[in-house]
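In: My questions are about this predicted structure, shown below with the sequence.
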Amino acid sequence: MSNRKAETAERKARIAAMQAAQRKAERRRTTIIAAVVGVIVLALVAVTLVIVLGQESENNAQEDAIERAAQQDIEGVEEFEGLGNSHVSTTVEYEQVPPVGGDHNAVWQNCGVYGEPVADENAVHSLEHGAVWITYDPTLPADQVEALEAKAASNNYVLVSPYEGVPTPVVASAWGLQLQLDDAADERLDVFLRKYVRGDQTPEPGAACSGGTGTPE
């Protein structure tokens, strides 16, 4: 083999060796990157899992606390007896504001959220079916109104509407029962809902809170 051929072959061999080394280095980098990405992904999954499990545990603890509280008397709840329950076609002068029961319209108010006041006589019929009626002062801050509306979004036996002349910013009413609150964030509201939505006080258990009158938002 001539010197030129030998040099050419040697050069090709060096180039091939360099290319092989580069490919090996690239494979090593790819493996390292994949391993690092895998570790990061696993770490993110682990963190997410911890957060989710922690939130679930916190939610469960909160639900348990509400359930325990609902087994007890709720501070501030007023009880009313001797309520009529006849169907009428006229307006009714109720003793409580908002009313907690009494004679009422033959058609109940569909449960859900209303941006305008609803008729007492229809809402009282909803109470008879086991609904809780959450009323609030029309000047209540928007964030508190949204918090109240969320209660209806998660429970189809909750009625939410503004009410002129309420004695406190927020009032929760069930048949024969009422809780007056200064703030939508008062923890007693969730307890009241747990205890009295379709609770033992319901005159007509199993009756619907849909198929009546009104179109919730």
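Out: Arrived safely.

In: where exactly do the helices run in this structure?
Out: 3-70, 120-128, 142-153, 188-196 (DSSP state H).

In: Buried deepest among those, which one?
Out: Of all those, helix 120-128 carries the top mean neighbour count, a mean of 25, counting by mean count of other CB atoms under 10 Å. (C-beta placed from N, C-alpha, C; glycine too.)

In: Tell me how far Lys12 lies from Ser86.
Out: Per CB to CB, to the nearest Å, Lys12 is found 106 Å from Ser86.

In: Mean confidence (pLDDT) on stretch 104-122, please.
Out: Per-residue pLDDT over stretch 104-122 has a mean of 98.

In: tell me which residues in that stretch are buried?
Out: Buried residues in stretch 104-122, defined by neighbour count with 16 or more other CB atoms under 10 Å: 104-105, 107-114, 118-122.

In: which among those residues gets closest to Leu193?
Out: Cys111 (12.2 Å; CB to CB).

In: The closest one contacts Ser161, correct?
Out: No. Using CB atoms under 8 Å, Cys111 is not in contact with Ser161, being 10.5 Å away.

In: where in this structure is pLDDT low?
Out: Applying pLDDT under 70 to the chain flags the ranges 1-9, 13, 15-17, 20-21, 46-60.

In: And it, what are its domain boundaries?
Out: Domain segmentation of the chain under automatic domain parsing yields 1-72, 78-196.

In: Switch these over to a markdown table; also include distance to Gly211.
Out: Formatted as a markdown table, the domains of the chain follow (distance: least, CB to CB, whole Å):
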| stretch | distance to Gly211 |
| --- | --- |
| domain 1-72 | 28 |
| domain 78-196 | 7 |
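
In: buried stuff in stretch 86-95?
Out: Val92, Tyr94.

In: Stretch 154-164: how far from the chain's middle?
Out: Relative to the mean C-alpha coordinate of its chain, stretch 154-164 is positioned 14 Å out (CA atoms, centre = their mean, to the nearest Å).

In: Could you work out the end-to-end span of it for me?
Out: Using CA to CA, to the nearest Å, one end of stretch 154-164 lies 25 Å from the other.

In: what sits up against that stretch?
Out: 97-98, 109, 111-118, 123, 126, 129-138, 140, 148-149, 151-152, 171, 193, 197-198, 209-210 (CB atoms under 8 Å, 6 or more residues apart in numbering).

In: Report the buried residues of that stretch.
Out: Asn155, Tyr157, Val158, Leu159, Val160, Ser161, Pro162, Tyr163.

In: Distance check, the residue lying closest to Gly101 once chain neighbours are set aside against Gln201.
Out: Take Gly101 and drop its neighbours on the chain: the residue closest to it by CB to CB, 6 or more residues apart in numbering is Leu83, 3.7 Å away. Going from Leu83 to Gln201 by CB to CB gives 10 Å.

In: okay, those two: which has more neighbours?
Out: Leu83 (20 against 17; other CB atoms under 10 Å).

In: Show the contacting residues for the more buried one.
Out: So Leu83 contacts Val100, Gly101, Gly102, Trp175, Gly176 (CB under 8 Å, 6+ apart).
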